[in-house]
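Undergrad: predicted structure and sequence below. I'll ask about it afterward.
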Amino acid sequence: MALLSILHYPDPRLHKVAARVELFDDALRTLVRDMAETMYAAPGVGLAATQVDVHKQVIVIDVSETHDDLKVLINPRILSTAGTQTCEEGCLSVPGVYEDVRRAERVLVEAENADGRTYAIEAEGLLAVCIQHEMDHLKGKVFVEHLSRLKQMRIRSKIEKDARRKAA
Ligand code: K1U
Ligand code: ZN
């Protein structure tokens, strides 16, 4: 297994649109294992392949406290949504930034697992938020892009300031 490097906003590679997975082979299963290891080590509750510079529709999520409920979503598609919720989100690609984002409260999602079997997940609460956040990554969208222009400008200045401080 291997820890993968996570791209940091505003890296333009975070805006690439991920391609559908057509081949469910050992290379895909290795990617899934490495992504899960990277997510748990970060630590985080989700990770999209885009964030590790692999532009395929692959997501790993585990919102359990015990790290024993890994969900693998390949080629995810939302079948239906209900309600709205506002939840504070973070992102491993935007370290140190936490902001409220409004999303659907419940989602019904269909996806393939690492063996290519199609299954459905009905999610609510943090799992629903996390699925929507990670699906945004696959479309090239980072959560800060849900915020106002002013907030985005403040976040960019904070990131630039942090980078200057780190380089000094
Ligand atoms: O996409 C990512 O960068 C992962 C992100 C997922 C997420 C979290 C919260 C709301 C929406 C999406 C994270 O995992 S950020 C880190 C985090 O939330 C966390 C870290 C350790 C323990 C619990 C949560
Ligand atoms: Zn993220």
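TA: The structure has been received and is ready for your questions. Ligands and ions are numbered 1, 2, ... in the order given.

Undergrad: roughly how far does Val94 sit from Arg33?
TA: 25 Å (Cβ to Cβ, to the nearest Å). C-beta: built from backbone N, CA, C; applies to glycine.

Undergrad: look at those two and report which has more neighbours.
TA: Higher neighbour count among Val94 and Arg33: Val94, with 20 against 16, using other Cβ atoms under 10 Å.

Undergrad: okay, and Leu150 sits in which element?
TA: helix 149-167 (DSSP states H and E).

Undergrad: I meant to write Tyr119 there.
TA: Using DSSP H and E, Tyr119 falls in strand 118-124.

Undergrad: related to what we said a few turns ago, the helix holding Leu150 - what's its average pLDDT?
TA: Helix 149-167 shows a mean pLDDT of 93.

Undergrad: next up, phi/psi of the closest residue to ligand 1 within the chain, please.
TA: Residue nearest to ligand 1 within the chain (Cβ to the nearest ligand atom): Gly44, separated by 2.9 Å. Main-chain dihedrals, Gly44, degrees, to the nearest 10: phi -150, psi 180.

Undergrad: does ligand 1 sit close to stretch 7-26?
TA: No. Applying Cβ under 6 Å from any ligand atom, one finds stretch 7-26 separated from ligand 1 by no less than 9.9 Å.

Undergrad: residues from the chain in reach of ligand 1?
TA: So the chain meets ligand 1 at 43-47, 89-93, 129-130, 133-134 (Cβ under 6 Å from any ligand atom).
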